[in-house]
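S.K.: Predicted model follows, preceded by the sequence.
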Amino acid sequence: MELVGLPENPVPPGAIMVPVLAQDGLTLRAVRWVGSTPRGTMFIAPGRGEFIEKYFEVIEELLTRHFDVVIMDWRGQGLSERELANPHKGHIDDFLIYERDLASLGRQVLDAFCPKPWFALGHSMGASILLAHAHHGADLFERLVLTSPMIDLYGLRFPHLARAFAEGLDTIGLGGAFIPGGSRWPATRHPFESNVLTSDRARYARYAAVAAAAPELTIGDPTIGWANAAFRLMRQFEEPDFARRTMTPILILAAGADRVVKTSATETFASRLKAGRHLTIPYARHDLLLENDAIRALIWAAFDAFVPGTQEEAVIAAAKRA
């Protein structure tokens, strides 16, 4: 469970391995860093198929902002244990399992080692897990910053048919198979010119280099079971009361040129939040923190204006939760 460093992607100094034991016995890779004169702790929730090493640049930036940092590989990806024998399949049957893993991290790492207040920065799938966790009344984090949250998927011509198809295949026992047309190969095998994650060639090359140097970190396309579970969660996001009854202060940052998740669905969801703010970055692709310097500067400016927030905002948020 060691970290993989490359000359172009060195491990931030001071990493402390803190494996998390999930409720069902799986071991999840987690790491923490201690900042100088910390303002609190920032948990990073990666997206589907990602791994801790992808976030080394972000971790350095958070440490310079005087946060302690914690990050975890979700089960089924990175160097966390898999649910299936095939290590290329990042499988899950229900997103509630991710929430239970997050609760285990809270007990075993945040409670044990990390100064409050606790905040979270989540991307794509990780952002959707944080949203569901907050909606279910878990007050683990004071504030959430979510980049390109997985509210709905981009480009589904017949979404209801896709949902029914995934549910049907899962029901007849094919949940552990790749989605139709899927394979074991990670997204980073695509050349830069056809990637949908970022317009920044250097950052994409760095991400791909780590994946090539340590293929054990990577997974391929989703399984049918994962897709069915994701569709069930995204169906909940469609309900207007889901956002309205989520009281944790949330900053949602969407990508104007996203071809992974549906930006218009994210904007609709964000408009319903009682304690939320929203910003869409024009021309940005899906992975906002892997984007070019100009886009990332906008992201960090919004982050710095939102976290940790003022005392007055904290009182208002507490009153809304009461």
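M.R.: Structure's in. What do you need?
S.K.: For burial, what's the neighbour tally of the nearest residue to Ile97 once chain neighbours are set aside?
M.R.: For Ile97, ignoring the flanking residues on the chain, the nearest one in space by Cβ to Cβ, 6 or more residues apart in numbering is Arg75 at 7.1 Å. (Each C-beta comes from the backbone N, C-alpha and C, glycine too.) Residues lying near Arg75 (other Cβ atoms under 10 Å) number 24.
S.K.: Name the nearest residue to Gly122, sequence neighbours excluded.
M.R.: In space, and not counting its chain neighbours, Gly122 is closest to Ala45: 3.6 Å by Cβ to Cβ, 6+ apart.
S.K.: residue contacts, the one you found?
M.R.: By Cβ atoms under 8 Å, 6 or more residues apart in numbering, the residues touching Ala45 are Met72, Leu102, Ala120, Leu121, Gly122, His123, Gly126, Ala127, Ile129, Leu130.
S.K.: Show me the beta-bridge partners of the fourth one.
M.R.: With DSSP bridges as the criterion, the beta-bridge partners of Leu121 are Ile44, Val145.
S.K.: What number of residues are in the vicinity of it?
M.R.: Leu121 is flanked by 28 other residues according to other Cβ under 10 Å.
S.K.: again with the second one
M.R.: Leu102 is surrounded by 25 other residues when neighbours are defined as other Cβ under 10 Å.
S.K.: Touching, it and His136? I think so.
M.R.: No - the pair Leu102 / His136 is not scored as a contact, 10.7 Å apart, by Cβ atoms under 8 Å.
S.K.: In three-state terms, label the residue nearest to Ile97 for me.
M.R.: Secondary structure assignment for Arg75 (DSSP: H, G, I helix; E, B strand; the rest coil): coil.
S.K.: ok, now which ones touch it?
M.R.: When contacts are counted by Cβ under 8 Å, 6+ apart, Arg75 is found next to Ala22, Leu26, Leu28, Glu81, Arg82, Glu83, Ile92, Ile97, Tyr98, Asp101.
S.K.: Highest neighbour count among the residues you listed?
M.R.: Neighbour-wise, the contacts of Arg75 (other Cβ under 10 Å) top out at Ile92, 26 neighbours.
S.K.: Find the helix or strand that Ala138 is a member of.
M.R.: Per DSSP states H and E: Ala138 is located in neither a helix nor a strand.
S.K.: and it, how many residues sit next to it?
M.R.: Neighbours of Ala138 (other Cβ under 10 Å): 15.
S.K.: Tell me how far it lies from Leu102.
M.R.: Per Cβ to Cβ, to the nearest Å, Ala138 is found 8 Å from Leu102.
S.K.: got it, and Gly90?
M.R.: Remark: distance between Gly90 and Leu102 (Cβ to Cβ) = 16 Å.
S.K.: Which secondary structure state does His278 sit in?
M.R.: Secondary structure, three-state DSSP: His278 is strand.
S.K.: gap between the most centrally placed residue in the chain and Ala120?
M.R.: With distances taken as Cα atoms, centre = their mean, the residue of the chain nearest its centroid is Gly126 (2.3 Å). Counting by Cβ to Cβ, the separation of Gly126 from Ala120 is 9 Å.
S.K.: shared neighbours, these two?
M.R.: Common neighbours of Gly126 and Ala120 (Cβ under 8 Å, 6+ apart) are Ile44, Ala45.
S.K.: Could you count how many residues lie near Gly225?
M.R.: Other residues lying near Gly225 total 23 when counted by other Cβ under 10 Å.
S.K.: ok, now Pro191?
M.R.: Other residues near Pro191 come to 8 when the count uses other Cβ under 10 Å.
S.K.: So it versus Lys89, what's the distance?
M.R.: According to Cβ to Cβ, Pro191 and Lys89 sit 24 Å apart.
S.K.: ditto for Arg201
M.R.: Per Cβ to Cβ, Arg201 is found 30 Å from Lys89.
S.K.: of the two, who's got more company?
M.R.: Using other Cβ under 10 Å as the criterion, Arg201 and Lys89 rank with Lys89 on top: 23 against 12.
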